[in-house]
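# Quick one: sequence plus predicted model below, questions after.
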Amino acid sequence: MRYLVGIDNGGTFSKAAVFDETGVQISVASVPSVTFAPKPGYNERDMDELWQANAEAIRQAIQKSGIDAKEIAGVSFSGHGKGLYLVGQDGKPSYRGIPSTDARAWAYIQKWNQDGTSQKVYEKTFQEILVMQPVALLAWLRDNEPEVIKNTKYIFAVKDYIRYKLTGEAYAEYSDFSGGNLVNLTTKEYDPELMALFGLEACMDKLPPLRYAADVCGHITQEASEQTGLPAGIPCAAGMFDVNACGIASGLSSPEEMCMIAGTWSINEFIAEKPITNGSVALNSMFCIPGYFLVEESSPTSAGNMEWFIRNLMDGEKAQAKANGGSVYDVTNEWVASIEPQDSNVIFLPFLNGSNENPLAKGTFVGLTSFHNKKHMLRAVYEGIVFSHVTHVKKLLANREKPKSIRLSGGAANSDVWVQIFADALQIPIDVTADKEIGCLGACIAAGIAAGVYPDYPTAIQKTVQITKTISPRPEYKEIYEEKYKTYRAVIDGLNDAWERFKN
């Protein structure tokens, strides 16, 4: 039996998992990746600490697996898209890592939208410019920290930085960089004219060579082997943007399918042989399977909002659940299930970490009265997150046939109560994949192709992906959720003129 290691860096944790070649998860280890906010709208990470978190997660996963590390055939990566991780001329970080929840560059988006830059960019990348994309963050650094740009040698996504630490070799990867407005989707290459539109000509020579997800991009060095326990010399595949990894690990391999990921981000996607170029969807990028484009609607408006609620409003319930040998998530599901949707009209806008509406929009509850309690608020959180996904899915479905089902992964997929709300609000069956670290599994699929364990993606998916349940929509709830969604939209529209007052 051969084994594969997948490394996944998301919004809050660095994870490593060991899988066998049939997709069985042997072990997983998770180490917090600390993010701090030096100012409102800013999110940063110490990149050296991030590397140490990854090394620790890899060591723990190998140790917990009980396997002989010599049986590991390959390694690959999944990571949050967007954000910015810079390495200097000395091989060390030239700035703090910036994850995808950062919003400091919001003014650049407004400027580019107003002066026509966005339209010119769209003609080359077929995507909107987002506040957390590398191009926006690089423009901010150019104007506010110019020495950082001068001292930078490589521009990386988060997974590229971890791969660089393991191999000493610098590469970029198509699915990540094409999703960050850094690649011309027609030529599938870097484009000096594109970079000039952002005023980033000085960054062209800092963009590493592009590779596909399953391409070998170096091998584990002796130094990295000593730090992680991975065998020196085994191949590292390029890896992929985590929405690709979760899609692959959910079985997304043909245009008929559709996936949602409900984690820190609301990710909603399908693949197509051509990008959608009518301006109706936010993002087109290159998919990890060569020849396909990923059509994506996404925003940082998903299950991360519930984590905030638990962290700030449920300390007592969390402690009690732990004392009883249970989980606070058992409590949240019980609370939400105890209230019928028609019995609570509280609306929650899941914009604590960003928005898919006005870029200045903030999270808020609307409709609270003295009758309501935390249970009503929590149901509103569950529903508000679902409604944000619905907004994205509606934009996608305007460009394709309704799928027979949608495959859901991420934290929300672990809750049958929550999955039922997704199904009822969308009136589409929801497939749930086997409960494992699917970002890591998607990375392992790329590692397996690079190492020769699998000949291609379809074979790997057939061997490793299992659907464990399908939750069907209840027709009697269709009208109820349609009305609640209309109220959700009305609240967003009603507050649209107020957000300018909250920009600082």
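Received, thanks. Numbers count the residues shown, from 1 in each chain.
# and G279, what pLDDT?
pLDDT, G279: 86.
# For T391, give me its contacts.
297, 356, 489 (Cβ atoms under 8 Å, 6 or more residues apart in numbering). C-betas here are computed from N, CA, C, even on glycine.
# right, I mislabeled it, should have said I220
75, 166-167, 228, 230-234, 236.
# how close does it sit to E169?
11 Å (Cβ to Cβ, to the nearest Å).
# Just give the nearest non-adjacent residue to the most centrally placed residue in the chain, would you?
Nearest residue to the geometric centre of the chain (Cα atoms, centre = their mean): H80, 4.6 Å. Spatial nearest neighbour of H80, chain neighbours left out: S100 (4.8 Å); criterion: Cβ to Cβ, 6 or more residues apart in numbering.
# For I7, which residues are in contact?
I7 neighbours (Cβ under 8 Å, 6+ apart): 14-16, 54, 57-58, 75-78, 159, 162, 239, 440, 443.
# Then L166?
Counting by Cβ under 8 Å, 6+ apart, L166 has contacts 75, 218, 220-221, 224, 228, 230, 236.
# Could you tell me which of these belong to helices?
224, 228 (DSSP state H).
# quick one, phi psi at the residue lying closest to W418 once chain neighbours are set aside?
Nearest residue to W418, sequence neighbours excluded (Cβ to Cβ, 6+ apart): A412, at 4.7 Å. The phi/psi pair for A412 (degrees, to the nearest 10) reads phi -60, psi -30.
# quick one: the strands in the stretch 101-250 of the chain?
Secondary structure of the stretch 101-250 of the chain (DSSP state E, counting those that start in this stretch): strands located at 152-156, 172-173, 210-211, 216-219, 235-237, 240-241.
# tell me the most buried of the ones you listed?
strand 240-241 (a mean of 34; mean count of other Cβ atoms under 10 Å).
# For that strand, name the packing helices and strands.
Under the contact criterion of 3 or more Cβ pairs under 8 Å, 6 or more residues apart in numbering; DSSP states H and E, strand 240-241 touches strand 72-79, helix 174-178, helix 438-450.
# In CSV, list the ones you listed along with distance to D143, mean neighbour count and mean pLDDT.
Supplementary listing: those in CSV, determined by distance: least, Cβ to Cβ, whole Å; neighbours: other Cβ atoms under 10 Å; pLDDT from 0 to 100:
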stretch, distance to D143, mean neighbour count, mean pLDDT
strand 72-79, 27, 29, 98
helix 174-178, 22, 27, 96
helix 438-450, 34, 31, 96
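# and G325, which of these is closest to it?
helix 438-450 (27.1 Å; Cβ to Cβ).
# Give me the distance between whatever helix or strand comes next after the closest one and the centre of its chain.
Following helix 438-450 in sequence order, the next helix or strand is helix 457-464 (DSSP states H and E). Averaging C-alpha positions (Cα atoms, centre = their mean, to the nearest Å) puts helix 457-464 22 Å from its chain's average.
# If you compare the directions of helix 457-464 and helix 438-450, what angle comes out?
Interaxial angle of helix 457-464 relative to helix 438-450 (axes from the mean of the first three to the mean of the last three Cα atoms, to 10 degrees): 120 degrees.
# show me where the stretch 251-400 of the chain has helices.
304-313, 315-323, 328-337, 374-397 (DSSP state H, counting those that start in this stretch).
# from those helices, which stretch is densest packed?
helix 374-397 (a mean of 22).
# I'd like the next helix or strand past that one.
Downstream of helix 374-397, the next assigned helix or strand under DSSP H and E is strand 406-409.
# sorry, back to before: now do the residue nearest to the centre of the chain against N358, distance only.
In terms of Cβ to Cβ, H80 sits 23 Å off from N358.
# contacts for stretch 55-74?
With Cβ under 8 Å, 6+ apart, stretch 55-74 has contacts from 1-5, 7, 14-18, 26-31, 227-231, 234-237, 447-448, 450-453.
# if you set the cut-off to 6 Å instead, what comes out?
2-5, 14-18, 26-27, 29, 31, 227-229, 231, 234-235, 447, 450-451, 453 (Cβ atoms under 6 Å, 6 or more residues apart in numbering).
# Please list only the buried members of the residues you listed.
3-5, 14-18, 26-27, 29, 31, 227-229, 231, 234-235, 447, 450-451, 453 (16 or more other Cβ atoms under 10 Å).
# Would you map out the domains in the chain?
Domain ranges of the chain: 3-250+437-468, 304-397+411-426+471-502, per automatic domain parsing.
# Among these, which comes closest to I271?
Here domain 3-250+437-468 is closest among the domains of the chain (Cβ to Cβ), at 7.5 Å.
# Touching the helix or strand E482 falls within from outside, list them.
Element membership of E482, judged by DSSP H and E, is helix 478-495. The contact list for helix 478-495 (Cβ under 6 Å, 6+ apart) reads 341-342, 347, 357, 366, 387, 424-425, 427.
# Surely D102 touches G41?
No - D102 is beyond contact range of G41, at 7.2 Å (criterion: Cβ atoms under 6 Å).
# who has more neighbours, these two?
Between D102 and G41, counted using other Cβ atoms under 10 Å, the more crowded position is D102 (26 against 17).
# need the contact list for that one.
By Cβ under 6 Å, 6+ apart, D102 lies in contact with 43, 132.
# how close does it get to G354?
9 Å.
# how many neighbours does the closest residue to Y457 other than its chain neighbours have?
Of all residues not flanking Y457 in the chain, I289 sits nearest, at 5.1 Å (Cβ to Cβ, 6+ apart). Using other Cβ under 10 Å, the number of residues around I289 comes to 24.
# And for the one 3 residues further on?
Neighbourhood size, Y292 [other Cβ under 10 Å]: 20.
# residue contacts, the closest residue to it other than its chain neighbours?
What sits nearest to Y292 in space, not counting adjacent residues and going by Cβ to Cβ, 6+ apart, is I271, at 4.4 Å. Going by Cβ under 6 Å, 6+ apart, I271 touches 255, 287, 292, 294.
# partners of the last one in the sheet?
Right, L294. I271, S285 (DSSP bridges).
# Pretty sure it sits against F287.
Yes - in terms of Cβ under 6 Å, L294 counts as a neighbour of F287; the distance is 4.3 Å.
# The two: which has the busier surroundings?
More crowded of L294 and F287, by other Cβ under 10 Å: F287, with 30 against 27.
# pretty sure the more buried one contacts P275?
No - counting by Cβ under 6 Å, F287 stays clear of P275, with 10.4 Å between them.
# any shared contact partners between those two?
F293.
# Now W265. Nearest residue, chain neighbours left out?
Nearest one to W265, counting by Cβ to Cβ, 6+ apart, is P300 at 5.2 Å.
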